[in-house]
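Chemist: A predicted structure for the sequence below; I have some questions about it.
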There are 2 protein chains.
Amino acid sequence: MRNMGRTSGDPTPDGVPERLVQATIRLLAEQGPSAIKARTVASASGLSTMAVYHHFGGIAELIRAVADRGFTELDRAFSQVPVTEDPIADLFAMALMTRRVARENPHLYDLMFGLSTRRATYRPLSDSDVRSSGRSPAFRGAYVHLAEACARLVSSGRIGQQEPEAVAAQSWSYVHGCITLELADHFAEFADPVAQVLLPMGVNLAVGLGDDRERAQASHEAGARLYDSVTRGSEDQAVAE
Amino acid sequence: MRNMGRTSGDPTPDGVPERLVQATIRLLAEQGPSAIKARTVASASGLSTMAVYHHFGGIAELIRAVADRGFTELDRAFSQVPVTEDPIADLFAMALMTRRVARENPHLYDLMFGLSTRRATYRPLSDSDVRSSGRSPAFRGAYVHLAEACARLVSSGRIGQQEPEAVAAQSWSYVHGCITLELADHFAEFADPVAQVLLPMGVNLAVGLGDDRERAQASHEAGARLYDSVTRGSEDQAVAE
DNA sequence: CCTGCTACTATAACGACGTTATCGAGAACA
DNA sequence: TGTTCTCGATAACGTCGTTATAGTAGCAGG
């Protein structure tokens, strides 16, 4: 609650809050949200339950910090996608990145976009952890990647003249909907949900936005190659253990 | 757990399980998921906590029954949409219906599609409440409306020849993504998320699937009229209190 | 050295929760 | 009437989030 427990060094801080957040993320991935208890995360971190309350204020704030960490990881995943001359390929690569992050910790993704962690509690949310527009800095860091890619797409003239925010909202809705339904096992009838739903739907959306089908199809393949090159290059460097 | 507490009368059964489910739904809508406790739903139903365990087995099963009731309401909402000669208009009306159900009880919608209620617990899910394909009968009842509309769309020849299941998955993903992001306040920048995101994106998806933009636009307006006629005709008869 | 202060943590406790054991009320039936 | 069963109320147990209390370590000044 007071400071971060570290005097210097920004990458991979080894402070107590960091240990609590990472232990919570690990419990979330291994045992689901029902395993997140004050005593559980404390003992998994080698600490007492008081550490949770001194550094975060309670379990609710811890969970919110964990969800925010999820957006930080999404931001880092988006940062690995290079900016090419094909905005739709970039968007496809970001879609596959989002799916990778979601599948690495489905419960964390559920926490990031669920309602229970936002306004469920009685907080007036006028605190300092919510800065300018009601969303956390980590969230906006990830969102600007999407918004900038959509802005590049509109300014390229490849699709019709329309608001970049609307394009971003549609792209985001399509990816988020696909991922959520896949995580909830609603795409069990598809052997390869990416090849059968996510990517064809992206091509359809691009065509609906005004792109040519051939170019959209080519961007889909370019985006898949972009994703492969990025993920193969870093090869589980994001896994912390 | 044993019977339904009623001897006859299928519509609006007044048994104890029904009272518990409706009390839970009401608490969910008014105070969020954190208000769902055994003592809370019991006292809200004028009963003791034992009623929950006699009829459901525990809070987890109650919540699952509540989520299933959500699909029952979605099924009933879809049943109110008539089958016209314009499948895309029908799909637009169903999309608006889904958004209406979701906004009537956002936390219930979150429960229906979240991960926490499915495989979070340690159940092997080989029970009898999951019948044929891993989904509840109520879910499949709602889903067939979507699947049949997509089958009508494909067989109409209006879009390209493609698998109806893929069309259904894409339609579902798009609507579910839009609704989820809107419920999580991620569309706060849009004054009218329906007119600015949901409906234009539906037109784009229809165009991407192979429809003409003019016909898709006309179906969008026809679907909106269809939705208005249905909802204005029943006018809060679904609200149980 | 001791003293006071700060930052943080462990221990123990309190109230609330999910769950269960036990028992009583009422119906069905012989 | 007696038996059995269903069902729900009461009370209890263990766990949870949270808090009060007390303790440890480091540091400044004497």
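Modeler: Here it is on my side, so go on. Residues are numbered from 1 along each chain as shown, chains lettered A, B, ... in the order given.
Chemist: how much space separates residue A:181 from residue B:136?
Modeler: From residue A:181 over to residue B:136 the distance is 16 Å, taken as Cβ to Cβ, to the nearest Å. For the C-beta atoms, the positions are set from N, CA and C on the backbone; glycine is no exception.
Chemist: and what of residue A:27?
Modeler: Looking at residue A:27 against residue B:136, where the rule is Cβ to Cβ, the gap reads 29 Å.
Chemist: now residue A:110
Modeler: Here residue A:110 is placed at a distance of 20 Å from residue B:136 (Cβ to Cβ).
Chemist: what does residue A:63 give?
Modeler: Residue A:63 sits 29 Å away from residue B:136, going by Cβ to Cβ.
Chemist: was I right to think residue A:177 contacts residue B:175?
Modeler: Yes: counting by Cβ atoms under 8 Å, a contact exists between residue A:177 and residue B:175, whose distance comes to 7.2 Å.
Chemist: residues from chain A in reach of DNA strand D?
Modeler: Where chain A comes near DNA strand D, counting by Cβ under 7 Å from any atom of the strand, the residues are A:36-40, A:49-50, A:52-53, A:58-60.
Chemist: recalculate using a threshold of 6 Å.
Modeler: Counting by Cβ under 6 Å from any atom of the strand, the residues of chain A close to DNA strand D are A:37-39, A:49-50, A:53, A:58-60.
Chemist: in PyMOL, how would I select just the buried ones from the residues you listed?
Modeler: To isolate in PyMOL the members of the residues of chain A next to DNA strand D that are buried, counting by 16 or more other Cβ atoms under 10 Å in any protein chain shown, one can use:
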select buried, chain A and resi 38+53+59
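Chemist: next step: the residues of chain A next to DNA strand D restricted to helices.
Modeler: Applying DSSP state H to the residues of chain A next to DNA strand D, the entries found in helices are A:38-39, A:50, A:53, A:59-60.
Chemist: all helices for chain A, in order.
Modeler: Under the criterion DSSP H, chain A contains helices at A:16-31, A:38-44, A:50-55, A:59-80, A:87-104, A:106-113, A:137-155, A:164-183, A:193, A:199-209, A:213-234.
Chemist: list the helices and strands the second one packs on?
Modeler: In terms of contacts (3 or more Cβ pairs under 8 Å, 6 or more residues apart in numbering or on different chains; DSSP states H and E), helix A:38-44 is packed against helix A:16-31, helix A:50-55.
Chemist: show me which residues of that helix are buried.
Modeler: Neighbour counts over helix A:38-44 (16+ other Cβ under 10 Å) mark A:38, A:40-42, A:44 as buried.
Chemist: mean confidence for stretch A:45-56?
Modeler: With pLDDT averaged residue by residue, stretch A:45-56 scores 93.
Chemist: returning to that earlier point: more neighbours: residue A:110 and residue B:136, which one.
Modeler: A count of neighbours by other Cβ atoms under 10 Å in any protein chain shown puts residue A:110 above the other of residue A:110 and residue B:136, at 26 against 19.
Chemist: ok, the nearest residue to the more buried one once chain neighbours are set aside - contacts?
Modeler: The shortest distance from residue A:110 to any non-neighbouring residue, by Cβ to Cβ, 6 or more residues apart in numbering or on different chains, is to residue B:115 (4.7 Å). The neighbourhood of residue B:115, defined by Cβ atoms under 8 Å, 6 or more residues apart in numbering or on different chains, consists of A:32, A:106-107, A:110, A:183-184.
Chemist: so for the residue sitting nearest the centre point of chain A, what's the pLDDT?
Modeler: For chain A, the residue nearest the mean C-alpha position is residue A:74 (3.6 Å; Cα atoms, centre = their mean). Each residue has a pLDDT score; the one for residue A:74 is 98.
Chemist: was I right to think it contacts residue A:101?
Modeler: Yes: with contacts counted by Cβ under 8 Å, residue A:74 reaches residue A:101, the gap being 5.3 Å.
Chemist: for the residue nearest to residue A:219 when sequence neighbours are not counted, give its distance to chain B.
Modeler: Take residue A:219 and drop its neighbours on the chain: the residue closest to it by Cβ to Cβ, 6+ apart is residue A:88, 3.7 Å away. With the distance defined as Cβ to the nearest Cβ, to the nearest Å, residue A:88 ends up 13 Å from chain B.
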